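**Q** Got a predicted structure plus its sequence, pasted below:
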Amino acid sequence: MDKNLKIYFASDQHFGAPNPEESFIREKKFVNWLDEVKKDADAIFLLGDLFDFWFEYKTVVPKGFIRVLGKLAEIRDTGIPVYFFVGNHDLWMQDYFEKELNIPVYHDNVEFIFNNKLFLIGHGDGKGPGDLGYKRMKKVFTNSFSKWIFRWLHPDIGVRLAQYLSVKNKLISGAEDVKFLGEENEWLVQYAKRKLESKHYDYFIFGHRHLPMIIDVGDNSKYVNLGDWIGYFTYGVFDGENFELKKFEELPK
């Protein structure tokens, strides 16, 4: 039992959107957050949509994001574990993070145990009831033949097309109006409650909804959504006993 744990969680940075100039400002803020949490972090979890679009060709990855990638490499080189879960915007991630940054990449929910607390962690897209249009579209996007076809597009064409669709098409992006829908209409809340019918989890940690919230879903069980780094700049921290959502406020320089 370690009561001095510091495990950090963040999600939905969407770097690259809505344009390089605005994204750059948010990227620098996120890098400053990484600089802060690395001082006492036992682990850092990134729960998807770090990029608004990401596709790995065999020899090419999207241009940009050098500051956040460099900072993650620096953190890993110090020995701090970093875990990455793909979101619906970067679901075409393959092994670049694993080979270049030594960061494991997960494509679905994974269980972790910290201080005898069982966590179920993932991005959250396509889970729970509803959202059938996105679930069908995700099957198309993750199909090996679809990825093979897209890979034949020149990166200048493929990346530009995907970035356009990501921003403009709500069905493809998985975006929706960011409003609390009530517990009975929040798909991830319903998903957590159904999971509890067969197994106890102390915490369900997800992103995707862009709303920071902690909701009791059962006896000693909480659903957490981490918010985003577009309007909220929120993150989660587990200290070995409790989980909190916090907002990153940069100190004046």
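**A** The structure has been received and is ready for your questions. Since this is a predicted model, take the numbers as computed values, not measurements.

**Q** Helices of the stretch 151-253 of the chain, residue ranges please.
**A** Along the stretch 151-253 of the chain, the stretches classed as helices by DSSP state H, counting those that start in this stretch are 155-168, 170-173, 187-196.

**Q** Confidence-wise, which of the ones you listed is weakest overall?
**A** If you rank the helices of the stretch 151-253 of the chain by mean pLDDT, helix 170-173 sits at the bottom with a mean of 42.

**Q** show me what contacts Tyr232?
**A** Neighbouring residues of Tyr232 by C-beta atoms under 8 Å, 6 or more residues apart in numbering: 210-212, 247. C-betas here are computed from N, CA, C, even on glycine.

**Q** for Phe51, same thing?
**A** Phe51 neighbours (C-beta under 8 Å, 6+ apart): 13-16, 62, 65, 89-90.

**Q** and with 10 Å instead?
**A** Contact analysis of Phe51 by C-beta atoms under 10 Å, 6 or more residues apart in numbering lists 13-17, 23, 61-62, 64-65, 68, 87, 89-90, 93, 163, 166.

**Q** where in the stretch 1-150 of the chain is pLDDT low?
**A** Residue ranges of the stretch 1-150 of the chain with pLDDT under 70: 1-3, 128, 130-142, 145-148, 150.

**Q** sorry, back to before: for PyMOL, write a command that selects the buried ones of the contacts of Phe51.
**A** Restricted to buried positions by 16 or more other C-beta atoms under 10 Å, the PyMOL selection for those reads:
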select buried, resi 13+14+15+16+17+23+61+62+65+68+87+89+90+93+163+166
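
**Q** re earlier: now for the contacts of Tyr232, which sits with the most neighbours around it?
**A** His210 (22 neighbours; other C-beta atoms under 10 Å).

**Q** residue contacts, the residue lying closest to Gly218 once chain neighbours are set aside?
**A** Once flanking residues are discounted, Gly218 sits nearest to Leu196: 4.6 Å by C-beta to C-beta, 6 or more residues apart in numbering. Leu196 makes contact with 204, 217-219, 221, 223 under the criterion C-beta under 10 Å, 6+ apart.

**Q** Columns distance to Glu74 and pLDDT on top of the residues you listed, output as TSV?
**A** Below are those laid out as TSV (distance: C-beta to C-beta, whole Å; pLDDT from 0 to 100):
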residue	distance to Glu74	pLDDT
Phe204	30	98
Val217	37	97
Gly218	39	94
Asp219	41	94
Ser221	36	98
Tyr223	33	98
